[in-house]
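S.K.: What shape does this take:
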Amino acid sequence: MNNSIDQEVLIIGAGSSGICMGIQLKNAGIEDFVILDKAGGVGGTWYHNTYPGAECDVQSHLYSFSFEPKLDWSRPFGGQAEILRYLNFCTDKYGLRDRIKLDTEVASITWDDSNEVWTTVTKAGESICSRIVVSALGMFNNIVWPKIKGRELFSGEYFHSARWNHDIDLRGKKVGVIGIAASAIQFVPEIVDRVSELHLFQRTANWVVPKNNTPYTEQELLAFREEPSLVAASRNETYRLWNTLATFTEKEILSKIEKSGLARIAEVTDPKTREALTPQHPFGCKRPLFSDVYYPIFNKKHVRLNTTDIDSITSKGVITSDGLLTELDVLIYSTGFETTTYLSAIDVKGKNGVSIRDAWSDGPQAYLGISTHGFPNLFMLYGPNTNQGCILVMIEEQVKYIIRRLETMRAEGVVMSDIKKDVMRKFNDKLQDDIKGIDVWQHACGNDFYYRAGPSGRFVTQWPKSMDDFARETAKLDGNCYE
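M.R.: A predicted model of the protein is given here:
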């Protein structure tokens, strides 16, 4: 190895993706690597998102690494604390703790054309030279604050749900929530009985369908511990469910899901509120949401659903476009993440100094969501168009692919590997054509912030086929795809 290189492989991010990558590097005998993370602990989104009621939307028998099954998940869909404990357990069991540098935020990574290496510079000014960089930033990196006039004028307490302020006591307070989607439907039922008034500002009604997350009984947990094959069978059954469901092409299944969601909405007693909560788009057009406890809160007298557009925020609260002021003590912004940013969240310059933001001016794109032309020896996990079904399953396939790529480079004595431009273009053209064939994604339902990138309208988050299809694609021999 070149003496100027500090690490053979540098991984950005110590969430599920970075942990999986580190484990499989060690299994492949590639020991010279480091993992950087800006947080004070491992876990990625499960470290940061500590809001009340935070839990996964995929059953945990599947939402866990295939090589490290957990036999005692307390309920079908694990909560944030339980998932974080699992990821810390994996970090320690596989000896990654001393490979991880926490509180280390990456400012930039730059490709050196002459020496064919990457230089990573941290916000603290440390410079690390590596042959390979693996981005494990994923989709849920930068939080979104809404562009609302006067937001900084509010004199009460406020915070983003992705950075929950546990020091603020909500008891007896008038609380407003802006942004009613994936996080809000989880934390709102948890705080509803603490507050004196709860005002929910909804822009678009979402599908919130049953989750069936009843905790396992002691008898069930005992059976799982004594018969690990039961957990394996549960994982396989859940895989079959999610394998094609997230492509939203099974119309009969989608119809049943919508009926189950409408049945829950029907439990809301006020007819105007029921109407406001009823989606006007097909299930799957926006990110699907799951909860057993969301709709019942609207039968509580101190809960108000407001669907009038927000005009501005004052020191006292929220003014809607009809001129009415809702006075509040606390404002919670549940406005999500920049899901279409990916690696461009940091300053990345590839061959000839080209910025990845310029390379992705039409929207993020990569071959298999892993490699972008002009950025050699740079691989992405949970990159563009890899969101489907259970992301941990997709991540494991991506990690396998990257390991094979690195092993091929070693075997052939190759120090620089760049995906060919025409290979990446053809792959993404085909991918966008496949996306156009999924009817529910063609509706106008306000999904631009989650699925689409900017003015181009390119879908940059979703994989339009099954998880099986992705596994087959990533398993193909790709020797002629790189230069």
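S.K.: all helices for the chain, in order.
M.R.: Here the chain has its helices, by DSSP state H, at 16-27, 45-48, 80-93, 184-191, 218-226, 228-245, 251-265, 271-277, 356-359, 391-412, 421-436, 448-451, 467-475.
S.K.: which outside residues touch stretch 181-190?
M.R.: 49, 51-55, 57, 161-162, 164, 177, 180, 198, 200, 206, 208, 286-287, 289, 291, 293-294, 296-297, 332, 334, 336 (C-beta atoms under 8 Å, 6 or more residues apart in numbering). For the C-beta atoms, the positions are set from N, CA and C on the backbone; glycine is no exception.
S.K.: tell me the mean pLDDT over that stretch?
M.R.: The average pLDDT within stretch 181-190 is 96.
S.K.: could I have that stretch exported to PDB, CA atoms only?
M.R.: Provided in PDB are the C-alpha atoms of stretch 181-190 (Å, rounded to 0.1, in the frame of the first residue of the first chain):
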ATOM      1  CA  ALA A 181     -46.400  12.300   8.300                       C
ATOM      2  CA  ALA A 182     -44.100   9.400   9.400                       C
ATOM      3  CA  SER A 183     -42.700  10.800  12.600                       C
ATOM      4  CA  ALA A 184     -45.800  12.700  13.700                       C
ATOM      5  CA  ILE A 185     -48.200   9.800  13.600                       C
ATOM      6  CA  GLN A 186     -45.800   8.000  16.000                       C
ATOM      7  CA  PHE A 187     -45.200  10.800  18.500                       C
ATOM      8  CA  VAL A 188     -48.500  12.500  18.500                       C
ATOM      9  CA  PRO A 189     -50.400   9.600  20.200                       C
ATOM     10  CA  GLU A 190     -47.600   9.500  22.800                       C
END
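S.K.: In it, which residues are buried?
M.R.: 181-189 (16 or more other C-beta atoms under 10 Å).
S.K.: now, among these, which is nearest to Ile313?
M.R.: Proximity of those to Ile313 (C-beta to C-beta) peaks at Ala184, which lies at 17.6 Å.
S.K.: quick revisit: what subset of the contacts of stretch 181-190 is buried?
M.R.: Buried among the contacts of stretch 181-190 (16+ other C-beta under 10 Å): 49, 51-55, 57, 161-162, 164, 177, 180, 198, 200, 206, 208, 286-287, 289, 291, 293-294, 297, 332, 334, 336.
S.K.: Inside strands: which ones of the residues you listed?
M.R.: Among these, the members found in strands (DSSP state E) are 177, 198, 200, 208, 289, 332.
S.K.: any idea which of these is the one closest to Asp322?
M.R.: Out of these, the member with the shortest distance to Asp322 (by C-beta to C-beta) is Leu200, at 16.5 Å.
S.K.: is it true that the closest one touches Arg304?
M.R.: Yes - counting by C-beta atoms under 8 Å, Arg304 is a contact partner of Leu200 at 7.0 Å.
S.K.: For Ile19, which residues are in contact?
M.R.: Contacts of Ile19 (C-beta under 8 Å, 6+ apart): 35, 42, 87, 90-91, 96.
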